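[1] Got a predicted structure plus its sequence, pasted below:
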Amino acid sequence: MKDESSTLLLGAAIGKTINSFDPKVFEVHLNGNLGAGKTTLVRGILQYLGWKDVVTSPTYTSVSYTHLTLPTKRIV
């Protein structure tokens, strides 16, 4: 998409389509490179459907980096 606004508008259009069916049995599967706009698209869909909470990227919950600091002293 050209920009965030266009992606949100597309999301709203998809949300409108989902709303015309039974949303409880509707699934949307997304695939795309990092930064492609998947989260923005989902945000547009969910905003149209009345979601008020934050939409976070599933990429960052699927891949988690933990920085571990090891002790510098050795106990014998």
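    Looks like it came in fine. Numbering: from 1, shown residues only.
[2] So for residue 46, what's the nearest residue that isn't a sequence neighbour?
    Nearest in space to residue 46, with sequence neighbours left out and distances taken as Cβ to Cβ, 6 or more residues apart in numbering, is residue 55 at 5.8 Å. Every C-beta, even on glycine, is put in place using the N, C-alpha and C of the backbone.
[3] For the one you found, what are phi and psi?
    The phi/psi pair for residue 55 (degrees, to the nearest 10) reads phi -110, psi 120.
[4] And for residue 29?
    phi -110, psi 130.
[5] Quick check: it vs residue 38, distance?
    10 Å (Cβ to Cβ, to the nearest Å).
[6] The two: who's more crowded?
    Ranked by neighbour count (other Cβ atoms under 10 Å), residue 29 and residue 38 place residue 38 first, with 17 against 4.
[7] Report the secondary structure state of the nearest residue to that one once chain neighbours are set aside.
    Excluding its sequence neighbours, the residue lying closest to residue 38 (Cβ to Cβ, 6+ apart) is residue 30, at 4.6 Å. Following DSSP: H, G, I helix; E, B strand; the rest coil, residue 30 is assigned to coil.
[8] wait, residue 30 sits on residue 37?
    No. Using Cβ atoms under 8 Å, residue 30 makes no contact with residue 37, being 9.5 Å away.
[9] Can I get stretch 36-50 in CSV, CA atoms only?
    The C-alpha coordinates for stretch 36-50 follow below in CSV (Å, rounded to 0.1, in the frame of the first residue of the first chain):
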residue,chain,number,x,y,z
ALA,A,36,4.9,-5.0,5.0
GLY,A,37,1.9,-3.5,6.9
LYS,A,38,0.2,-6.6,8.3
THR,A,39,-0.3,-5.1,11.7
THR,A,40,-1.6,-1.9,10.3
LEU,A,41,-4.0,-3.8,8.1
VAL,A,42,-5.3,-5.8,11.1
ARG,A,43,-5.6,-2.5,13.1
GLY,A,44,-7.8,-1.2,10.3
ILE,A,45,-10.0,-4.3,10.3
LEU,A,46,-10.3,-4.4,14.1
GLN,A,47,-11.0,-0.6,14.4
TYR,A,48,-13.9,-1.0,11.9
LEU,A,49,-15.2,-3.9,13.9
GLY,A,50,-15.2,-1.8,17.1
